[in-house]
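Undergrad: Structure, please.
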Amino acid sequence: MKIYSADLETTVYENQDHTEAWASALVALDSDEPLIHHSLAETLEYLDSQNEDAILYYHNLKFDGNFIVKENLLCF
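TA: Model (predicted):
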């Protein structure tokens, strides 16, 4: 099982009416090399391709979790 620290980068600009995740990053706890993806969907596809369970620790899950739930609901 791989354990990662994870984070999303989101849009912030004047007069925005919604927020989007534009980048997603993972760093395995046994590595110094970040895995940078251009979307949360790309990160989820990467994790699925690894064929092993993973634990992701987000430093701000209350915020990032909204995007994770939305992305997973779009898959169904």
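Undergrad: in the helix ranked longest in the chain, what counts as buried?
TA: Ranked by number of residues, the top helix in the chain under DSSP state H is helix 61-74. Neighbour counts over helix 61-74 (16 or more other CB atoms under 10 Å) mark 64, 67-68, 71 as buried. Every residue, glycine included, has its C-beta placed from N, CA and C.
Undergrad: likewise stretch 34-45?
TA: Those would be 35, 37, 39-40, 43-44, for stretch 34-45 by 16+ other CB under 10 Å.
Undergrad: what does the model give the residue lying closest to Glu42 once chain neighbours are set aside for pLDDT?
TA: Spatial nearest neighbour of Glu42, chain neighbours left out: Ser24 (6.8 Å); criterion: CB to CB, 6 or more residues apart in numbering. Looking at Ser24, its pLDDT is 92.
Undergrad: burial measure for Ser24, as a count.
TA: 24 (other CB atoms under 10 Å).
Undergrad: So it lies in a strand, does it not?
TA: Yes - counting by DSSP: H, G, I helix; E, B strand; the rest coil, Ser24 is located in a strand.
Undergrad: how far does the lowest-mean-pLDDT helix or strand in the chain sit from the chain's center?
TA: Scoring the helices and strands of the chain by mean pLDDT, DSSP states H and E places helix 61-74 at the bottom, with a mean of 74. Distance, stretch centre to chain centre, for helix 61-74: 9 Å (CA atoms, centre = their mean, to the nearest Å).
Undergrad: Cheers, nothing more for now.
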